[in-house]
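Next comes the sequence, and after it the predicted model I'd like to discuss.
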Amino acid sequence: MGRKNTNNEVVQFADAAASPTGAGQLQRSGANLEFHDGSAARTLVKAQAVPDLIPASDDTYYLGENSSPFKAFKGIILKDTTDGKHYRIQVTNGVLQALALD
């Protein structure tokens, strides 16, 4: 049964950690989105690293899961666009920290 998307809804796929096994199944396997066409699982979308993530609008982007219980990253490594140095952004005891790595 189909579902009409009326409000630009987001669909999240939990990682099944395996390819779909039944015809018509669509599921996430690791970083890939796969569809079983009746004879085999086919990769529809293969996640790749991108050089820059620039929002097209002022929308909010989440790293990790925005649900409860939360699954999140403990730290994020960022590169300074001016001097090229690397920093780890993390929260320790409720305090946001930027730690120099080089």
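Happy to help now that I have it.

Does Gly75 touch Gln90 like I think?
Yes: at 4.1 Å, Gly75 counts as touching Gln90 under the criterion of CB atoms under 8 Å. C-beta: built from backbone N, CA, C; applies to glycine.

Just give me the neighbour total for Glu34.
23 (other CB atoms under 10 Å).

who's in contact with it?
19-20, 26-28, 41-44 (CB atoms under 8 Å, 6 or more residues apart in numbering).

In the sheet, which residues pair with it? Tell me.
Gln27, Thr43 (DSSP bridges).

ok, now how distant is the closest residue to Lys85 other than its chain neighbours from His86?
The spatially closest residue to Lys85, leaving aside those adjacent along the chain, is Asp102, at 5.6 Å (CB to CB, 6 or more residues apart in numbering). For Asp102, the distance to His86 equals 5 Å [CB to CB, to the nearest Å].

Between the two, tell me which one has more neighbours.
His86 (12 against 8).

quick one: contacts for that one?
By CB under 8 Å, 6+ apart, the contact set of His86 is 77-80, 100-102.

switch to 10 Å and redo it
Residues in contact with His86 (CB atoms under 10 Å, 6 or more residues apart in numbering) are 77-80, 99-102.

Can you tell me which of the residues you listed is nearest Phe35?
Ile77 (32.9 Å; CB to CB).

Pull the number of nearby residues for the closest one.
By other CB under 10 Å, neighbour count at Ile77 equals 12.

where's the closest residue to it other than its chain neighbours relative to Lys79, distance?
Spatial nearest neighbour of Ile77, excluding adjacent residues (CB to CB, 6+ apart): Arg88 at 5.5 Å. Computed as CB to CB, the Arg88 to Lys79 distance reads 11 Å.

what's the overlap in contacts for those two?
With CB under 10 Å, 6+ apart, Arg88 and Lys79 have common neighbours Leu101.

Break the chain into its domains for me.
1-48, 52-102 (automatic domain parsing).

weakest of those domains by average pLDDT?
Averaged per stretch, pLDDT over these is lowest on domain 52-102, reaching a mean of 74.

Understood, closing this out.
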